[in-house]
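Colleague: Here's my sequence, what's the structure:
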Amino acid sequence: SGQRCLEQILHDDPATTALVTLNEAALGGLYRGLAQAGRHVPRDFSVTGVVAARWAETVTPPLTAADVPAAELGRLAVDLLVEQLADP
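Modeller: Now for the predicted structure:
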């Protein structure tokens, strides 16, 4: 899916030089698509995302990423829910 999405982006706007992804599972396809299009990260194309660090490190060069602290966000969500249930 990442490769197909990138192909569409470059088809629609060949001057595109950067993207941000929220879909960590698409990283491999994005990087494959960039290589096939002759784009080199980071020399002439920037990729960043909101993905877990373990995913960001699976591609070369590693993705510049903002790690999502899922456990902490889950704990905060439960705390807020319990608070609302206690005092609607």
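Colleague: ok, now which ones touch D12?
Modeller: Under the criterion of CB atoms under 8 Å, 6 or more residues apart in numbering, D12 has no neighbours. All C-beta spots, glycine's among them, are computed from the backbone N, C-alpha and C.
Colleague: separation between it and C5?
Modeller: Separation of D12 from C5 (CB to CB, to the nearest Å): 11 Å.
Colleague: Likewise for D79?
Modeller: The value you get for D79 to C5, if CB to CB is used, is 36 Å.
Colleague: swap in T60?
Modeller: Plainly put, T60 is 20 Å away from C5 if you go by CB to CB.
Colleague: Compare the two and say which is more crowded by neighbours.
Modeller: Applying other CB atoms under 10 Å to T60 and C5 shows that C5 carries more neighbours, namely 16 against 8.
Colleague: Looks like that one contacts L30 (just checking).
Modeller: Yes: the criterion here is CB atoms under 8 Å, and C5 meets it with L30 at 7.4 Å.
Colleague: Straight-line length of stretch 58-72, end to end?
Modeller: Chord length of stretch 58-72, first to last residue, is 23 Å (CA to CA, to the nearest Å).
Colleague: What residues sit buried inside it?
Modeller: Using 16 or more other CB atoms under 10 Å as the test for burial, stretch 58-72 gives 59, 63, 65.
Colleague: which residues are in contact with it?
Modeller: Contacts for stretch 58-72 (CB under 8 Å, 6+ apart): 27-28, 31, 41-42, 46-53, 55-57.
Colleague: switch to 6 Å and redo it
Modeller: With contact meaning CB atoms under 6 Å, 6 or more residues apart in numbering, stretch 58-72 is reached by 27, 31, 41, 47-51, 53, 56.
Colleague: likewise stretch 30-40?
Modeller: Contacts with stretch 30-40, where a contact means CB under 6 Å, 6+ apart, come from 2-3, 6-7, 10, 45, 59.
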